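Student: Following is a predicted model, sequence given first.
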There are 2 protein chains.
Amino acid sequence: MSNIVKERQNEWLPKIESELDRYTAGCGSMHPRLLEAMRYSLLDAGKRIRPILALEFCRASGGNPENAMPFACGVEMIHTYSLIHDDLPCMDDDELRRGKPSCHIQYGEDTALLAGDALQPLAFETMLSGSSIRPDLTVRAANTLAHACGAAGMVGGQVIDLENEGKHVGLDELRVMDSGKTGAIIKAACVMGVIAADGSDEMINIAEKYAENIGIAFQITDDILDVTSTAEVLGKPVESDIGNDKSTYVSLLGLDKAREEAARYTELAVDAVAPLGENAEFLKEFAKMLASRIK
Amino acid sequence: MSNIVKERQNEWLPKIESELDRYTAGCGSMHPRLLEAMRYSLLDAGKRIRPILALEFCRASGGNPENAMPFACGVEMIHTYSLIHDDLPCMDDDELRRGKPSCHIQYGEDTALLAGDALQPLAFETMLSGSSIRPDLTVRAANTLAHACGAAGMVGGQVIDLENEGKHVGLDELRVMDSGKTGAIIKAACVMGVIAADGSDEMINIAEKYAENIGIAFQITDDILDVTSTAEVLGKPVESDIGNDKSTYVSLLGLDKAREEAARYTELAVDAVAPLGENAEFLKEFAKMLASRIK
């Protein structure tokens, strides 16, 4: 991993953790068990990719990155609630998440549903009450995430995903689904960072282009990891996933072509931030690091 | 029903309906089925008590009530999502809502979960993008609802409700649970109306006091209706509910005393808005109307 990525991760990860801890601890939960379930899923978990993107796009736009912290925390809370609900029996029915029992296995289905339901407004409360930027920018940033995580973005993509189960879908449909399910809040994170710095429209465009490309690269990488890790764990040939119920970049393209595509989209993301000159160094290296997980 | 309540309902109900229709139709849903499920539960349903309170508190505070419309719609979207999730099999497992099949019966459990998950951010998007008041007031109003509908309010009360099932709880515990589960967003509706008018702190206090009292009166009335309507439907004595698994105002107080309490809290709500003089006329009559459902 490049030095700048390591450095910034070392800078941000403890701060993000401490802010997530502070916002949840101070949320005024009426019930300790609810708070415990929220914190169980939110804290000590995840790579904090979305928060780091918000903070670093604020910095790359010339702002004080700390100004993006409430938005960084907000997007991570939204991401976490979506994982909790995704794991529920009526959805993917997954019992493990990040190496520990899923929220509903640990706390029961009803409490897990409600922990997700409480993390969502906490994301908005965190952004609206924690923001120290101009109120009009606060409104704009929080609205960016609200739009991205709803029917026009994350939840919309999840519904398409449900519908695609057991169907063969093409590359275009896969990309539309992913642009909602995983892409929308990655983009919102980058854009909120720019807004927190009161960045230009040009900078918003750059953030959107970068985010779209790392979003696709990230999803292809995830599909590859899913297959290669299955191969390691189950000892079956990686290509066995092709033709399975769920269309993925790997099932549609094959492993080699998928690797090429992940590299290509990463390169497009790197190109997108090139106009920022040396301010883009972290963002370039971060995009490469995300894709390097499959090398 | 008093003339002023009828008049204002006639004024507001079509406007609220048309705004809810407009905001959902324009939400950019990635999938028609998701949008349909959201609209199925949101439109043509409910008495719109919370939106009317927001609009009328804005008017009573000297503001243009239309300025409160995005907040009125926001609180109704939050209320509706909570009903969809409440009805899910892992929660109350209710198959009927407002005389038609619950959202998950009509669209399946996964789509219903996601319709609720999409209505929640749409509430925030509606408030943040639809507001025409000062940005600092928009932030404050939307944050009021964010706080009220999460762990410190509505969802917190729902977790207490889950925990209380099958347990005998006292009047104080019941009141705490209700203050979260149903009281918090009723209060947020009233307070947001005041904020939309840039009302004074004194006016916020009046709104809170009014809301707390109609909230309790409303819950007692609901408990009474639950019993009396059961009596009509099942033909069993109304007192049969006393000693049941779930503690209610009726099971704790008996029907007569519960009726007295509903009347007493309604009177307290009426007293709370007395300082507003003739501006309070609608709010007084509305409180009485809500309680008159049991007469």
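Tutor: Arrived safely. Residues are numbered from 1 along each chain as shown, chains lettered A, B, ... in the order given.

Student: drop to CA atoms for contacts and neighbour counts, all remaining ones
Tutor: Noted.

Student: so what's A:Leu145 up against?
Tutor: Contacts for A:Leu145 (Cα atoms under 8 Å, 6 or more residues apart in numbering or on different chains) come out as A:Val75, A:Ile185, A:Ala188, A:Ala189, A:Met192.

Student: Am I right that the first one is in contact with A:Ile49?
Tutor: No: at 10.0 Å, A:Val75 and A:Ile49 do not qualify as touching, with contact defined as Cα atoms under 8 Å.

Student: More neighbours: the two, which one.
Tutor: A:Val75 (30 against 16; other Cα atoms under 10 Å in any protein chain shown).

Student: A:Cys149 versus the more buried one, what's the distance?
Tutor: Relative to A:Cys149, A:Val75 is positioned 9 Å away (criterion: Cα to Cα, to the nearest Å).

Student: shared neighbours of the two, anything?
Tutor: Contacts common to A:Val75 and A:Cys149, judged by Cα under 8 Å, 6+ apart, are A:Ile185.

Student: Can you report how many residues neighbour A:Ala25?
Tutor: With other Cα under 10 Å as criterion, A:Ala25 counts 13.

Student: Per-residue pLDDT of it, please?
Tutor: On pLDDT, A:Ala25 comes in at 97.

Student: One more: the one 4 residues further on?
Tutor: According to the predicted model, the pLDDT of A:Ser29 comes to 96.

Student: And the one 3 residues further on, by the same measure?
Tutor: Reported pLDDT at A:Pro32 in the predicted model: 97.

Student: ok, it to chain B distance?
Tutor: 9 Å (Cα to the nearest Cα, to the nearest Å).

Student: Next, count neighbours for that residue.
Tutor: Using other Cα under 10 Å, A:Pro32 has 14 other residues around it.

Student: Please identify the buried residues of stretch A:151-158?
Tutor: Buried residues in stretch A:151-158, defined by neighbour count with 16 or more other Cα atoms under 10 Å in any protein chain shown: A:Ala151, A:Ala152, A:Gly153, A:Met154, A:Val155, A:Gly156, A:Gly157, A:Gln158.

Student: Could you check how far the nearest residue to the third one once chain neighbours are set aside is from A:Ala188?
Tutor: Read it as A:Gly153. In this structure, A:Gly153 finds its nearest non-sequential neighbour in A:Gly180, 4.2 Å apart by Cα to Cα, 6 or more residues apart in numbering or on different chains. According to Cα to Cα, A:Gly180 and A:Ala188 sit 11 Å apart.

Student: joint contacts of these two?
Tutor: Contact criterion Cα under 8 Å, 6+ apart; residues shared by A:Gly180 and A:Ala188: A:Ala148.

Student: Who has more neighbours out of the two?
Tutor: Neighbours around A:Gly180 and A:Ala188, counted as other Cα under 10 Å, are more numerous at A:Ala188. The numbers are 30 against 26.

Student: Do any residues in the one helix or strand that one maps to lie close to chain B?
Tutor: Element membership for A:Ala188 (DSSP states H and E) is helix A:184-196. No: judged by Cα under 8 Å from any Cα of the partner chain, helix A:184-196 stays clear of chain B, getting no closer than 11.6 Å.

Student: Give me the contacts around that helix.
Tutor: By Cα under 8 Å, 6+ apart, helix A:184-196 touches A:50-51, A:53-59, A:61, A:63, A:65, A:67-68, A:71-72, A:75, A:79, A:133, A:137-138, A:140-142, A:144-145, A:148-149, A:153-154, A:200, A:203-204, A:207-208, A:211-212, A:215.

Student: If you average pLDDT per helix and strand, which one of chain A comes out bottom?
Tutor: Least confident helix or strand, chain A: helix A:201-234 with a mean of 88, by mean pLDDT, DSSP states H and E.

Student: quick one: buried residues of it?
Tutor: For helix A:201-234, a neighbour-count test (16+ other Cα under 10 Å) marks A:203-204, A:206-224, A:227-228, A:230-231 as buried.

Student: what about A:Gly99, how many neighbours?
Tutor: Using other Cα under 10 Å: A:Gly99 sits among 8 other residues.

Student: Now do it against chain B, distance only.
Tutor: From A:Gly99 to chain B the distance is 25 Å (Cα to the nearest Cα).

Student: Then A:Arg259?
Tutor: 28 Å.

Student: With A:Ser18 instead?
Tutor: On the measure of Cα to the nearest Cα, A:Ser18 and chain B end up 20 Å apart.

Student: same thing with A:Trp12?
Tutor: Distance check for A:Trp12 against chain B: by Cα to the nearest Cα, it reads 26 Å.

Student: which residues does that residue contact?
Tutor: A:Ile52 are the contacts of A:Trp12 under Cα under 8 Å, 6+ apart.

Student: Which of the helices or strands spans it?
Tutor: Using DSSP H and E, A:Trp12 sits in helix A:3-25.

Student: For the helix or strand following that helix, which helices and strands make contact with it?
Tutor: Of the helices and strands lying after helix A:3-25 in sequence (DSSP H and E), the nearest is helix A:32-42. If contacts are counted by 3 or more Cα pairs under 8 Å, 6 or more residues apart in numbering or on different chains; DSSP states H and E, helix A:32-42 sits against helix A:3-25, helix A:69-86, helix A:103-107, helix A:109-130.

Student: Just the CA atoms of helix A:32-42, as PDB, please.
Tutor: Listed next in PDB are the C-alpha coordinates belonging to helix A:32-42 (Å, rounded to 0.1, in the frame of the first residue of the first chain):
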ATOM      1  CA  PRO A  32     -29.900   0.200  26.100                       C
ATOM      2  CA  ARG A  33     -30.500  -2.900  24.000                       C
ATOM      3  CA  LEU A  34     -31.300  -0.800  20.900                       C
ATOM      4  CA  LEU A  35     -28.200   1.300  21.300                       C
ATOM      5  CA  GLU A  36     -26.100  -1.800  21.800                       C
ATOM      6  CA  ALA A  37     -27.400  -3.300  18.600                       C
ATOM      7  CA  MET A  38     -26.800  -0.100  16.700                       C
ATOM      8  CA  ARG A  39     -23.200   0.100  18.000                       C
ATOM      9  CA  TYR A  40     -22.600  -3.600  17.500                       C
ATOM     10  CA  SER A  41     -23.000  -3.200  13.800                       C
ATOM     11  CA  LEU A  42     -21.500   0.300  13.400                       C
END
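
Student: now the helix or strand just after it, how far from the chain's geometric center?
Tutor: Later in the chain than helix A:32-42, the nearest helix or strand by DSSP H and E is helix A:49-60. Using Cα atoms, centre = their mean, to the nearest Å, the mean C-alpha position of helix A:49-60 is found 12 Å from that of the whole chain.

Student: Give me the mean pLDDT for helix A:49-60.
Tutor: 98.

Student: Identify the residues contacting that helix?
Tutor: With Cα under 8 Å, 6+ apart as the test, helix A:49-60 has contacts from A:9, A:12, A:16, A:64-69, A:71-73, A:75-76, A:185-186, A:189-197, A:207, A:276, A:279-280, A:282-283.

Student: Any of those buried? List them.
Tutor: Judged by 16+ other Cα under 10 Å, buried ones among those: A:9, A:12, A:16, A:64-69, A:71-73, A:75-76, A:185-186, A:189-197, A:207, A:279-280, A:282-283.

Student: Could you find the closest non-adjacent residue to A:Asn164?
Tutor: Nearest non-adjacent residue to A:Asn164 (Cα to Cα, 6+ apart): A:Lys246, at 7.4 Å.

Student: Would it be right to say that that neighbour lies in a strand?
Tutor: No: under DSSP: H, G, I helix; E, B strand; the rest coil, A:Lys246 falls outside any strand and is assigned coil.

Student: Tell me how far it lies from B:Asp86.
Tutor: Distance from A:Lys246 to B:Asp86, by Cα to Cα: 31 Å.

Student: Next: A:Asp94.
Tutor: Distance from A:Asp94 to B:Asp86, counting by Cα to Cα: 22 Å.

Student: before we move on, what about A:Ile195?
Tutor: With Cα to Cα as the criterion, A:Ile195 and B:Asp86 are 36 Å apart.

Student: Repeat that for A:Ile185.
Tutor: Separation of A:Ile185 from B:Asp86 (Cα to Cα) stands at 27 Å.

Student: Report pLDDT for A:Asp87.
Tutor: A:Asp87 carries a pLDDT score of 96 in this model.
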